[in-house]
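In: Sharing a model prediction with you, sequence too.
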Amino acid sequence: MKLLKPLRVLHGQRRRGGRNVSTWSPLATAFNTRPSSRPLFESLRERTGLFNKPELATFEGFYTLKEQAIAATDRLIEEATSNPSRPMVEIFDELSDTLCKVADLAEFVRIAHPQPHFASAAEDACISISGVVEKLNTHKGLYEALRDSVKRGTSGDQHLAELFLFDFEQSGIQLDEEPRRQVVALNDTILQTGQKFMAGAAKPRRVPRHAVPGNVRQFLSTEGEDIIVSGVYAECGEAAAREAAYRLYLAADARQERLLAATLRARHRMAQLCGFRCYADRAIKASTMETAPNVRQFLDILSDNLHDRANIDFDAMLKMKKQESSYQDKLMCWDTPYFTHKAKTQLLNVANTDFSPYFSLGGCMEGLNMLCQELYGISLKSQEMLPGESWSPDVYKLAVVHETEGLLGHIYCDLYERPGKPHQDCHFTIQGGKLLPDGTYQNPIVVVMLSLSGGHRSGPALLPAAAVDNLFHEAGHALHSMLGRARHQHVAGTRCATDLAEVPSVLMEYFASCPQVVRRFARHFQTREPMPEDMLHRLCASKYLFGASEMQLQVFYSALDQHYHGPNAASGGHTTDVLKEVQRQYYGLPYVENTAWQHRFSHLIGYGAKYYSYLISRAVAWSIWKRHFEPSPLSRTAGDALRAGVLRHGGAVPPKVLLRDYLDTEITPTTLANALAEELDYHKDHLDTVFKMTDK
């Protein structure tokens, strides 16, 4: 790979003491200081409510918002079922917008607000709106009005009308009374068993001390006479401890097996009642891949492509294992995370913590702003919030402003850890974009959530390399919402098929791994000096080390998800028997007897036949990167084309059509599987180049 030089010099660069030093931008300065409340001044300023909604100045406002939404819903139902004077899609989208603006906001506040009374009121609103949605999903008159308008050709946007119809029919509303009653009961079963399974999947394993070999007890947590195993200890340097933790934590659990089997049976039966061969067919309809057979074909082709490439990775890891312990002659599942981590550490040649000083939170936000300006002509502007607008004092607010279009929306950045806050990186839509009747646009509002530490008086939050990737990933979701200009809220921004929704965020990870981009913002938080070139290239290359074996693992997970939700889902038998066979076909390391890691795999509930989506999104994102950005990563022409061809539409265009037109190629299982193989080979060449550089 040709190693390119920076495209241009950073603004504000000057000489000090013979070294290049640059000043931080106002945005970087704001994010390098953790916000805090100033009670002395709060009483002198105008008060508002959460997200600047006056009703939410107090938690009782959720009751007001809920009642307003219910009243508006009743009016819209009446309009839809009484000879409407406007296209049915417009009424349904207003219904969707009315309910989502309460439900989405309430769901976020329920999860994120540190005050119990706010969280409780939000949860009550969530339950109430869920009840309204259930009422709509079973409203025969509403369904028939939409169905008839589609038949007459008066529904408006045909694609959106069909999406609304599909939402209805997933609940079995088109069925006779008895099968419809069964679908409702099955949905309730799926909800109950799924929630219990997910809770059990995260529960630590408690075993008696005497059941654990004495030579590994010191590596595990102890509570009284029990050993507590809360994970697989993937990066532990002691092989025996890794093995013990793997076998103990992933041991079969009879209760989890019953819950998983019950969920899978209920999903299969529900799908069949609604006219599908299996649950996977139901889940994948309207996605980029369109059908479950297409997904299975994609996984099979990719599996073949990965076989030899993954074996090269495994051979390298086994060699490392033998160097540690000459008597060890077999690589096992508990070894791969450890040796992957070790190999990356060796390639980096310095501790991971040595990179963090070059990634202050402010510096990373400056990098995101630079990327936004270069690609899309938009700026991220830090804004001060009114008292009451935020749920926590250390939240930032960004206005997203286009150079000619003006304000596009707002991003609230809840980036620091705090007691009770979920330890997960995610993106929430608070308000979707929508063209309003007066011709103006309802700008989107989103939240980006991370769990960073630091940012106090001792200095800014310093991000590990993995956290930088996560920040860029979640920013990709936020920008999808900001840059979208779909006419209808129901398909705005990230409200699209799962295997399309992840494309912009995965694409942002490529920018976060590109030396030309990273060198533009990776500067030491104290000296402002850029990251040394050698460190920069090692870091960017290390992200793809052993990429084939990691991808093979994802194919295995995805294939298992498809088998569990496929045509044979109701054939009976133990889920571990299915796992053994799928692992034999799709993964290069053997199954470990008496384990059942599927009992810990909560994504089987959350994704449900759509776990493959990340691989599809990565294949698409790589195709976009290679064709449009790899030659010139900060090309405004490429950025504007991406916005016009993909981002602005959200889910308003069928994803396969959208991507085919943008990439000017057919989107097939073969082209996508081959794209991922091409990516692996590209990064292997880059790694070889870096190895040669570091060997000199």
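Out: That came through fine.

In: Go through the lengthiest helix in the chain and flag the buried ones.
Out: Determined from DSSP state H, the single longest helix within the chain is helix 292-324. Taking 16 or more other CB atoms under 10 Å as the basis for neighbour counts, the residues of helix 292-324 that come out buried are 292-303, 305-306, 309-310, 313-314, 316-318, 320-321. Using the backbone N, CA and C atoms, a C-beta is placed for each residue, glycine as well.

In: try stretch 224-243
Out: Of the residues in stretch 224-243, Ile227, Val229, Val232, Tyr233, Cys236, Ala239, Ala241, Arg242, Glu243 count as buried by neighbour count, 16+ other CB under 10 Å.

In: got it, and stretch 512-527?
Out: Judged by neighbour count using 16+ other CB under 10 Å, the buried positions of stretch 512-527 are 512-523, 525.

In: Can you measure across stretch 601-610, start residue to end residue?
Out: Counting by CA to CA, to the nearest Å, you get 14 Å between the two ends of stretch 601-610.

In: for that stretch, what is the average pLDDT?
Out: Throughout stretch 601-610, pLDDT has a mean value of 94.

In: any idea how far that stretch is from the chain center?
Out: For stretch 601-610, the distance between its averaged C-alpha position and the chain's averaged C-alpha position is 13 Å (CA atoms, centre = their mean, to the nearest Å).

In: so what's Asn674 closest to, chain neighbours aside?
Out: Once flanking residues are discounted, Asn674 sits nearest to Asn305: 7.1 Å by CB to CB, 6 or more residues apart in numbering.

In: for this protein, what spans make up the strands?
Out: Here the chain has its strands, by DSSP state E, at 13-16, 19-22, 205-208, 221-223, 226-229, 378-383, 396-402, 406-416, 426-431, 434-435, 441-442, 445-452.

In: quick revisit: in contact with the residue nearest to Asn674, which residues are there?
Out: Ala673, Asn674, Leu676, Ala677 (CB atoms under 8 Å, 6 or more residues apart in numbering).

In: Repeat that for Gln583.
Out: When contacts are counted by CB under 8 Å, 6+ apart, Gln583 touches Phe556, Leu560, Pro590, Tyr591.

In: Just the buried residues out of those, in PyMOL syntax.
Out: Those of these that count as buried under 16+ other CB under 10 Å are selected in PyMOL with:
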select buried, resi 556+560+591
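
In: Mind checking which of the contacts of Gln583 land in helices?
Out: Phe556, Leu560.

In: pLDDT below threshold where in this protein?
Out: 1-22, 37-45, 351-352, 692-696 (pLDDT under 70).

In: re the thing from before, output the contacts of Asn305 as a markdown table; include the columns neighbour count and distance to His473.
Out: Below are the contacts of Asn305 laid out as a markdown table (neighbours: other CB atoms under 10 Å; distance: CB to CB, whole Å):
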| residue | neighbour count | distance to His473 |
| --- | --- | --- |
| Ala673 | 24 | 23 |
| Asn674 | 16 | 24 |
| Leu676 | 25 | 18 |
| Ala677 | 18 | 23 |
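
In: Keep only those of those that are in helices.
Out: Among the contacts of Asn305, the members falling in helices (DSSP H) are Ala673, Asn674, Leu676, Ala677.

In: From Lys610, how far out is the residue nearest to the last one when sequence neighbours are not counted?
Out: Leaving aside its chain neighbours, Ala677 sits nearest to Asn305 (4.1 Å; criterion: CB to CB, 6+ apart). Asn305 sits 22 Å away from Lys610 when distances are taken as CB to CB, to the nearest Å.

In: Same question for Leu589.
Out: Distance of Leu589 to Lys610, given as CB to CB: 25 Å.

In: Neighbour count for the two, which is higher?
Out: Lys610 (23 against 20; other CB atoms under 10 Å).

In: The more buried one is in contact with Thr498, isn't it?
Out: Yes. Shown here, Lys610 and Thr498 form a contact pair, counting by CB atoms under 8 Å, at 5.0 Å.

In: which residues do those two both contact?
Out: Shared contacts of Lys610 and Thr498, defined by CB under 8 Å, 6+ apart, comprise Ser287.

In: all helices for the stretch 1-150 of the chain, in order.
Out: In the stretch 1-150 of the chain, helices defined by DSSP state H, counting those that start in this stretch lie at 26-31, 39-42, 61-80, 88-112, 116-137, 140-152, listed in chain order.

In: Quick check: which of those helices is nearest to Thr193?
Out: Evaluated over the helices of the stretch 1-150 of the chain, closeness to Thr193 peaks at helix 116-137, with 18.0 Å, by CB to CB.

In: Only the buried residues of the closest one, if you could.
Out: Neighbour-count burial for helix 116-137, counted by 16+ other CB under 10 Å, picks out 118-119, 121-126, 128-129, 132-133, 136-137.

In: now what about stretch 459-475, what contacts it?
Out: 31-34, 352-353, 355-357, 359-362, 364, 368, 415-416, 425-427, 448-450, 452-455, 505-506, 508-509, 511-513, 525-526, 539, 543.

In: Swap in 6 Å and give it another go.
Out: Applying CB atoms under 6 Å, 6 or more residues apart in numbering, the contact partners of stretch 459-475 are 32, 352, 355-357, 359-362, 364, 368, 425, 427, 448, 452, 454-455, 505, 508-509, 512, 525, 539.

In: Sort out which of those are buried, if you could.
Out: Among those, the ones that count as buried by 16+ other CB under 10 Å are 32, 355-357, 359-362, 364, 368, 425, 427, 448, 452, 454-455, 505, 508-509, 512, 525, 539.

In: if I read this right, Ala619 contacts Leu672, doesn't it?
Out: Yes. The pair Ala619 / Leu672 is scored as a contact, 4.0 Å apart, by CB atoms under 6 Å.

In: how much space between the closest residue to Val401 other than its chain neighbours and Ala673?
Out: Nearest-residue entry for Val401: Ser379, 5.1 Å, with adjacent residues in sequence omitted and distances by CB to CB, 6+ apart. For Ser379, the distance to Ala673 under the criterion CB to CB works out to 39 Å.

In: just Phe556 next, same as before
Out: Between Phe556 and Ala673 the computed distance is 15 Å (CB to CB).

In: What of Phe314?
Out: 20 Å.

In: same thing with Val183?
Out: Taken as CB to CB, the spacing of Val183 relative to Ala673 amounts to 35 Å.

In: cool, and Leu680?
Out: Leu680 sits 11 Å away from Ala673 when distances are taken as CB to CB.

In: cool, Thr291 as well?
Out: In this structure, Thr291 lies at 16 Å from Ala673, with CB to CB as the measure.

In: same deal with Leu536?
Out: Applying CB to CB to Leu536 and Ala673 gives a distance of 31 Å.

In: For Leu274, which non-adjacent residue is spatially closest?
Out: Quick fix: residue 274 is Cys, not Leu. Of all residues beyond its chain neighbours, the one nearest Cys274 is Gly172 (5.4 Å), with distances taken as CB to CB, 6+ apart.

In: repeat for His473
Out: With sequence-adjacent residues excluded and distances taken as CB to CB, 6+ apart, His473 is closest to Ser505, at 4.6 Å.
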